[in-house]
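1. generate coordinates for the sequence data below:
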Amino acid sequence: MRWWRERLVGVGVPLALVASPVRAASLSAEFDGSFTARRASVLGVVAATFAQHGRAVRGTLHLTLPDPALAGSYAVRGQAAGRRVVLVGRAGARSLAWHGRWAGASTLRGRATVRAPGRRVRGALVLAVRGGADACAAYFRDEVLARVLVPICARCHVATGLARGTRLRVDPTNLAATRASVGQVIDPANPAASPVLHKPLGELGHGGGVQLAAGGPEIEVLRHWVDLVTQNLCAAGSAPGGGSGGGGGTGAELYGARCASCHGPDARGLDGRPNIRCNRAIHDVVRSGRVGASGTMPAFPDLMDAEIVTIQQYLNALCAAGGASGADLYAGNCATCHGGDAGGGPTAPSIRCATRVADAVARGRGSVMPAFPALDTARADAVIAFLASECEAAGVTGRDLWEGNCGTCHGPTGGGGTSAEGIHGPDVRCAGSHDFVEKLTSGEPPMPAFPSLLVSPRLERLVAWVAGACSGGDD
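-> Residues are numbered from 1 along each chain as shown. Here you go, the predicted structure:
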């Protein structure tokens with residue numbers, strides 16, 4: 001931002017920092033103390049946290065002053081060169097600037113000015129290591145909570161909001177719990193990849209969509225907080241049940257932390273993401289990710305197998321509690337590839353009028369479709385009933401009948417092909433009606449029989465669709 005590049009010239013009167021016994025010319029420490037205006041008594045109290053990496057310095061300086069127009073948490077940045085330090089900071093429309101110089105191993109002296117629209121104050125600042133955690137609390141309260149979490153995230157991430165099942169929970173009345181919640185979406189091993197930075201930008205799955213602008217002041221507030229936490233200058237807070245929220249937990253906690261932002265608190269999907277309430281085999285897709293009709297799901301390589309099993313058990317319980325409807329079972333196990341209405345997706349055919357669903361579920365289809373052993377006979381029957389209703393709702397079209405029963409072997413338009421199991425199907429585009437009746441009645445190994453397709457009007461519509469392909473049509 002422009003204000004970080006402002007030059008500091010002719011500002012104020014001496015600024016003195018009495019720091020902890022850290023190495024001279026290092027600002028990586030926490031401070032508290034007082035701010036005294038020129039020719040005045042103590043004006044207010046101060047808390048600060050700074051981190052230095054090479055010559056770059058970043059930190060927080062919180063001023064508690066009688067004049068609210070000047071008080072607040074200032075996020076500061078600057079440079080340290082030898083024994084000199086130059087920093088500038090801003091808190092909304094307010095700005096702070098100072099030049100400093102180390103005088104010994106633990107004291108920095110300089111000149112400072114704090115400005116607000118129509119106001120300016122110059123004074124001496126004295127800080128000592130004792131209550132550095134106060135600076136962290138002040139920055140979290142006045143910047144992270146007040147500027148980002150409450151006005152933006154609290155639209156959904158509250159106890160009654162759509163994102164109530166996720167790791168991030170905003171409670172303005174409980175700063176400690178909210179701070180711990182934010183800590184769960186910070187990645188200490190890779191701060192730049194922290195979900196708290198990428199989800200609101202829409203760079204990771206986020207049920208709320210894009211909420212912050214890249215490079216905007218709100219994302220910079222979050223980025224600064226991530227820096228303070230991951231550099232161990234501020235504590236993230238304790239996750240519920242202890243720990244930092246990095247792993248373990250109940251199925252509900254793990255689901256809420258890793259899945260609910262896309263799949264919803266009830267696992268029935270958000271913003272076009274799939275319903276996984278009755279998904280009986282999440283392991284492979286969680287481990288490797290998937291591209292399907294509803295979009296791309298990233299892999300979660302950091303989840304342990306035991307955690308995936310715990311999430312699976314949680315989903316199984318949700319499914320059982322909801323009665324395991326055919327719609328839920330289909331949505332959780334089939335819709336990612338075959339589409340929400342079973343009408344097909346980019347990589348999978350329509351199956352809403354398929355008649356060998358039980359076989360496909362039990363055995364899979366080569367390398368393109370896995371088996372679903374967790375879908376036992378009763379569950380498979382529920383899926384079949386759901387598909388039958390979708391077939392009728394769509395009008396039992398010739399295309400649906402072909403794709404769901406014939407196209408995997410005979411090609412998408414009947415011109416011949418080879419199935420994922422290596423079964424070759426010849427060109428049948430110009431076969432007569434009697435040929436269809438014969439093959440569908442008894443089959444011809446390795447082709448099975450399809451007696452259910454002989455029922456009128458299914459046979460007529462299937463034959464008419466193939467005849468259209470023979471003459472160059474496609475329906």
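2. look up the closest residue to residue 337, ignoring the ones flanking it.
-> With C-beta to C-beta, 6 or more residues apart in numbering as the criterion, residue 337 has its nearest non-adjacent residue at 3.9 Å, and that residue is residue 348. Every residue, glycine included, has its C-beta placed from N, CA and C.
3. I'd say residue 450 and residue 355 touch.
-> Yes: counting by C-beta atoms under 8 Å, residue 450 sits close enough to residue 355 to count as a contact (6.0 Å).
4. find residues that contact each of the two.
-> residue 405 (C-beta atoms under 8 Å, 6 or more residues apart in numbering).
5. phi and psi next, for the residue nearest to residue 337.
-> Residue 348 has phi and psi values of phi -140, psi 150 when expressed as degrees, to the nearest 10.
6. counting neighbours, what do you get for it?
-> 20 (other C-beta atoms under 10 Å).
7. now do the contacts for it.
-> 293, 337, 338, 339, 368, 369.
8. ok, for the fifth one, nearest residue in space, not its chain neighbours?
-> Meaning residue 368. Closest residue in space to residue 368, ignoring its immediate chain neighbours: residue 420 at 4.4 Å, by C-beta to C-beta, 6+ apart.
9. okay, stretch 272-287 in PDB with CA atoms only?
-> Output of stretch 272-287 as PDB, limited to C-alpha atoms (Å, rounded to 0.1, in the frame of the first residue of the first chain):
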ATOM      1  CA  GLY A 272     -23.400 -26.600  -6.200                       C
ATOM      2  CA  ARG A 273     -20.900 -28.800  -4.200                       C
ATOM      3  CA  PRO A 274     -22.200 -32.300  -3.800                       C
ATOM      4  CA  ASN A 275     -24.300 -33.900  -1.100                       C
ATOM      5  CA  ILE A 276     -22.000 -36.300   0.700                       C
ATOM      6  CA  ARG A 277     -24.300 -37.200   3.600                       C
ATOM      7  CA  CYS A 278     -24.500 -40.800   2.500                       C
ATOM      8  CA  ASN A 279     -21.200 -41.200   0.700                       C
ATOM      9  CA  ARG A 280     -20.000 -44.600   1.800                       C
ATOM     10  CA  ALA A 281     -16.400 -44.400   0.500                       C
ATOM     11  CA  ILE A 282     -14.700 -41.100   1.000                       C
ATOM     12  CA  HIS A 283     -11.200 -42.300   1.500                       C
ATOM     13  CA  ASP A 284      -9.800 -42.200  -2.000                       C
ATOM     14  CA  VAL A 285     -11.300 -38.900  -3.000                       C
ATOM     15  CA  VAL A 286     -10.200 -37.200   0.300                       C
ATOM     16  CA  ARG A 287      -6.700 -38.600  -0.200                       C
END
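10. list the buried ones in that stretch?
-> 273, 274, 275, 276, 277, 278, 279, 280, 281, 282, 285, 286 (16 or more other C-beta atoms under 10 Å).
11. right, and the fifth one touches residue 265 too?
-> No: counting by C-beta under 8 Å, residue 265 is not a contact partner of residue 277; they are 10.9 Å apart.
12. what's the average pLDDT for stretch 342-362?
-> Averaged over stretch 342-362, pLDDT sits at 87.
13. and if you look at stretch 466-475?
-> On average, stretch 466-475 scores 67.
14. which residues does the residue nearest to residue 368 contact?
-> 365, 366, 367, 368, 369, 408.
15. tell me the SS of it?
-> coil (DSSP: H, G, I helix; E, B strand; the rest coil).
16. against residue 407, how distant is it?
-> 12 Å (C-beta to C-beta, to the nearest Å).
17. please apply the same query to residue 100.
-> Remark: distance between residue 100 and residue 407 (C-beta to C-beta) = 74 Å.
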